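Undergrad: Please find the sequence and the predicted model below.
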Amino acid sequence: MATYSFSQIGLYNQCPKKYQFKYVDKVEVEWWSSPDLILWSSVHWALERLYKQINIFITPTKEETVAKFHELRDEWIKEAWEEMIYKWDQTDADYIRRWEHYIEDYYDKNSKNFDKIKVIWTELQLTFKLQEEWEAEWRSFRWFVDRLDKEWEDTFVINDYKTNKYLPPEQKEDYREQLTLYALWVKEKYGKYLKHIKAKLHYLHFDIPDEWEVTDELIQPVKEKYEKTIDEIEKKKEQYEHNPNDKNIFPTNWNNFCWYCEYNNFCPLFLHFWVEDEVISWWALWETTVKRLVDEYADLSKKISQETKEKDSIKEVLIEYADAKWYEQLFWNENNMKISKSGNYSMKDKPALKKYLIEKWVFNEVWDISWSSVAKMVEDWTIDEATANELLEYKDSRRVSVSKKKEDKKEEE
């Protein structure tokens, strides 16, 4: 039986190579805490303690809840013996202010409903099946649910707290999929008690709840999506087991987290970053270093790119000028530019065009349809005007050639 978690799937989607290092090769790296991780942990634990008290009919005050948060935070800071690294010039005071803001705002907004909530679980570790046990290789998920409530008579609510400092866009479905899939476990565990399941994301930084009803119609495509991803990972693991030297089974994927990745001193994307500069010899360059060549290449690329951009701009202006004057050639003191008009066809509906040509007995199965052959068929009326308008799109193009007057050499582009 294969057991996965959302963090595993998320890591694989972020970078298959990092997934390989952590879950396949099981490379051990030194674990580092961070202010953001401590923020997440202390806020979650403070809210867990709040709802555990509520569940035994004790409602802590806001001040007690904030004090508990500080107590938990201090414990986490003490356990994280290494010095905290704060990003973007933030300080410890900035984080404390954020944490207190999350707790106080959440308490103010939800305290009026504390006596109406029936808490079933807080910080619950759950395991649920994606497939039936009778299937050949059934897979399961393991994760934690922040809180599960009973609402009204027959509705269960899956709650999850998010401390993100940036609000995910609507099209980012990861969090919604996560809670939607949790409903499989809720149905499996408490199906006889409920008729409805709701999910609720609490974005604490923005004081925004995102709530929706979880139906079978929502669950099924999410379940299929994660089954497909797990199938893909299992196949790659099998390939890697038989050929561990194949570096492409779990490819690298450059993303914004790479610079902070705990595995970048193993990663092909960063291996060279950790080595001393090396001297290499080449007949045209004599002796130089790799890092110097990288800088020179970058400088040349930038220069060529700028020159190409300027060249294309000049070309565009001259073509527009020549078209307006009906000139087919422009002259300089030493050079002349010839501008040839041409055009090509792109196919709006290739299968329909192929069917049309087959019906006219002019399509040869041996060769594919090319723009040049299409242009010839339009020109000789093999393809009539109405069909051309319906299935093809014509685009004007210009061909420019530059010649030197005093030399019999021509450069085309």
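TA: Perfect, thanks for sending it.
Undergrad: all helices for the stretch 151-300 of the chain, in order.
TA: 174-190, 216-242, 290-325 (DSSP state H, counting those that start in this stretch).
Undergrad: buried set for the first one?
TA: This means helix 174-190. Within helix 174-190, the residues that count as buried by 16 or more other C-beta atoms under 10 Å are 175-187, 189. The C-beta positions use only the backbone N, C-alpha and C, and glycine is treated the same way.
Undergrad: same deal with the second one?
TA: Within helix 216-242, the residues that count as buried by 16+ other C-beta under 10 Å are 218-219, 222-223, 226, 230, 233, 236-237, 240.
Undergrad: Next, format those residues as JSON lines and append pLDDT.
TA: JSON lines is the format used below for the buried residues of helix 216-242 (pLDDT from 0 to 100):
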{"residue": "L218", "pLDDT": "90"}
{"residue": "I219", "pLDDT": "88"}
{"residue": "V222", "pLDDT": "89"}
{"residue": "K223", "pLDDT": "88"}
{"residue": "Y226", "pLDDT": "89"}
{"residue": "I230", "pLDDT": "90"}
{"residue": "I233", "pLDDT": "93"}
{"residue": "K236", "pLDDT": "94"}
{"residue": "K237", "pLDDT": "93"}
{"residue": "Y240", "pLDDT": "92"}
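Undergrad: what pLDDT, on average, does stretch 289-304 get?
TA: In this model, stretch 289-304 has a mean pLDDT of 85.
Undergrad: How about residues contacting that stretch?
TA: 272, 277-280, 285 (C-beta atoms under 8 Å, 6 or more residues apart in numbering).
Undergrad: what's the most distant pair in the buried residues of helix 216-242?
TA: Farthest-apart pair in the buried residues of helix 216-242 is L218 and Y240; separation 33.9 Å (C-beta to C-beta).
Undergrad: how deep is the nearest residue to K404 once chain neighbours are set aside tucked in, by neighbour count?
TA: The shortest distance from K404 to any residue other than its chain neighbours is 5.6 Å, reached at N335 (C-beta to C-beta, 6 or more residues apart in numbering). Residues lying near N335 (other C-beta atoms under 10 Å) number 14.
Undergrad: N335 contacts S403, correct?
TA: Yes - between N335 and S403 there is a contact at 6.6 Å, judged by C-beta atoms under 8 Å.
Undergrad: Any buried residues in stretch 55-62, and which?
TA: Buried, per 16+ other C-beta under 10 Å, within stretch 55-62: P60.
Undergrad: Ends of that stretch, what's the gap?
TA: 16 Å (C-alpha to C-alpha, to the nearest Å).
Undergrad: neighbouring contacts of that stretch?
TA: 49-50, 53, 68, 103-104, 107-108, 111, 114-115, 118-119, 122.
Undergrad: Can you show me the strands along the stretch 251-400 of the chain?
TA: Assigned by DSSP state E, counting those that start in this stretch, the strands in the stretch 251-400 of the chain fall at 279-282, 286-289, 329-331, 335-347, 392-404.
Undergrad: burial of the closest residue in space to I54 that isn't next to it in sequence, as a residue count?
TA: Residue nearest to I54 in three dimensions, not counting chain neighbours: F114, with 5.3 Å by C-beta to C-beta, 6+ apart. Neighbour count for F114, taken as other C-beta under 10 Å: 15.
Undergrad: JSON lines for the buried residues of helix 174-190, including pLDDT and distance to L167?
TA: As requested, the buried residues of helix 174-190 are arranged in JSON lines below (pLDDT from 0 to 100; distance: C-beta to C-beta, whole Å):
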{"residue": "Y175", "pLDDT": "85", "distance to L167": "11"}
{"residue": "R176", "pLDDT": "88", "distance to L167": "14"}
{"residue": "E177", "pLDDT": "88", "distance to L167": "17"}
{"residue": "Q178", "pLDDT": "86", "distance to L167": "17"}
{"residue": "L179", "pLDDT": "88", "distance to L167": "17"}
{"residue": "T180", "pLDDT": "88", "distance to L167": "19"}
{"residue": "L181", "pLDDT": "86", "distance to L167": "22"}
{"residue": "Y182", "pLDDT": "87", "distance to L167": "22"}
{"residue": "A183", "pLDDT": "88", "distance to L167": "24"}
{"residue": "L184", "pLDDT": "85", "distance to L167": "27"}
{"residue": "W185", "pLDDT": "85", "distance to L167": "27"}
{"residue": "V186", "pLDDT": "87", "distance to L167": "26"}
{"residue": "K187", "pLDDT": "85", "distance to L167": "30"}
{"residue": "K189", "pLDDT": "83", "distance to L167": "31"}
